[in-house]
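# Structure for the following, please:
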Amino acid sequence: MEIGTKPNRVSWKYKFGSMIITGVLYSAILFAFDYFSNDKLYSTYSLIFQGVFFGIATGLGFPIITEKFGGKFTSKLGGNVTPVLSDTEEIEISGPANLFRGIEATGGKLFLTNKNVIFKSHTMNIQKGQTNIQYDNIKEILLRKTAKLIDNGIRITTKDGKNFDFVVNEREQWMQNLSKRIKTDL
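Numbers count the residues shown, from 1 in each chain. A predicted model of the protein is given here:
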């Protein structure tokens, strides 16, 4: 069964906030260039217009492009990701995910098997490889926010104190399926 392939919708509140922040930052950068330059590069009207235009283009344009074309790109990228399994291990659930390894959000696929939680990265990462977490080594599973803003994260804490932070779509489904496996294996 494949879950997490339906991308999260970005709310209008988030889009509007993104428009304002990116527009203001863009205008501030242009103003700084203008201020420290020997020549007057931009008029105040030009700075305001460019900030508004850039804010609208990034705040609305980027989420729309991501919603339209992101799924096609990620399905092609993650389509050939298969984990290395033991002889008696079988994949029961899979879906696209990111695993934070240091500051890099490594893209790949998350698999729930009859024995382990497995994350396998795709080839477009700096840090590649497979991470296996045995169900009987999991201490707790928590919902978390990515960048303290977006409700799309799951943290798996193991009994030896390691934290694995995942970014997934449809995280409630992931939590339900993980919780079933943890309860039956404890």
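
# From the contact counts, what lies against the longest helix along the chain?
What stands out as the longest helix in the chain, according to DSSP state H, is helix 12-36. Judged by 3 or more C-beta pairs under 8 Å, 6 or more residues apart in numbering; DSSP states H and E, helix 12-36 is in contact with helix 44-56, helix 62-78. Backbone N, C-alpha and C define where each C-beta goes, glycine included.

# in this structure, which ranges drop under the pLDDT threshold?
2, 4-10, 70-79, 183-186 (pLDDT under 70).

# what residue lies at the spatial centre of it?
residue 167 (4.5 Å; C-alpha atoms, centre = their mean).

# Over to it. Which of the three states is it?
Three-state call for residue 167 (DSSP: H, G, I helix; E, B strand; the rest coil): strand.

# Hmm, it is touching residue 104, no?
No. Counting by C-beta atoms under 8 Å, residue 167 stays clear of residue 104, with 11.9 Å between them.

# overlap in contacts of those two?
Residues touching both residue 167 and residue 104 by C-beta atoms under 8 Å, 6 or more residues apart in numbering: none at all.

# And for the longest helix of the chain, what's in contact with it?
Residues beyond helix 12-36 that count as contacts (C-beta under 8 Å, 6+ apart) turn out to be 40-42, 47-48, 50-52, 54-56, 58-60, 62-63, 149.

# List the buried residues of that helix.
Using 16 or more other C-beta atoms under 10 Å as the test for burial, helix 12-36 gives 15, 18, 19, 22, 23, 26, 27, 30, 34.

# how big is the angle separating it from helix 44-56?
Angular relation of helix 12-36 and helix 44-56 on a 0 to 180 degree scale: 150 degrees, by axes from the mean of the first three to the mean of the last three C-alpha atoms, to 10 degrees.

# Just give me how far helix 12-36 sits from the chain centre.
The chain centre lies 23 Å from the centre of helix 12-36; the measure is C-alpha atoms, centre = their mean, to the nearest Å.

# swap in stretch 167-183?
16 Å.

# Could you do stretch 131-145 as well?
On the basis of C-alpha atoms, centre = their mean, stretch 131-145 sits 17 Å off its chain's mean C-alpha point.
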